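Peer 1: build me a model:
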Amino acid sequence: VHSTYGEGPPDAADYTIRSPHPLVQILREVDVLEAVRSYPHAGNIPMRNRQRLRNQGVETCKQRLHKCYTNEREENVEAHLQS
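Peer 2: Predicted structure coming up:
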């Protein structure tokens, strides 16, 4: 992982924008605006999430992402064996 937020070493904050699978979000603008208005300091959520992951570290984030792939493969193998 190379830092999206600047030059330098890998940044755990980059995992806030990673998904183990392709993702399409279909959000209605009116619903997003309502959610932002109803949640205090909604604008701080991305910054808080980046800081939380930085506190956990790159290795922890890397391991969690890897587990997503590993667990999925194990479940697929088990399902295949049971069928």
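
Peer 1: where does the protein dip in pLDDT?
Peer 2: Residues of the chain that meet the criterion pLDDT under 70 lie in 1-6, 72-83.

Peer 1: for the residue sitting nearest the centre point of the chain, which non-adjacent residue is closest in space?
Peer 2: Residue closest to the mean C-alpha point of the chain, counted by CA atoms, centre = their mean, is Thr16 at 4.3 Å. Excluding its sequence neighbours, the residue lying closest to Thr16 (CB to CB, 6 or more residues apart in numbering) is Asn49, at 4.9 Å. In this view, the C-beta of every residue, glycine as well, is placed from N, C-alpha and C.

Peer 1: quick one: the one you found from Lys62, how far?
Peer 2: According to CB to CB, to the nearest Å, Asn49 and Lys62 sit 17 Å apart.

Peer 1: for His41, same thing?
Peer 2: Distance, His41 to Lys62, by CB to CB: 29 Å.
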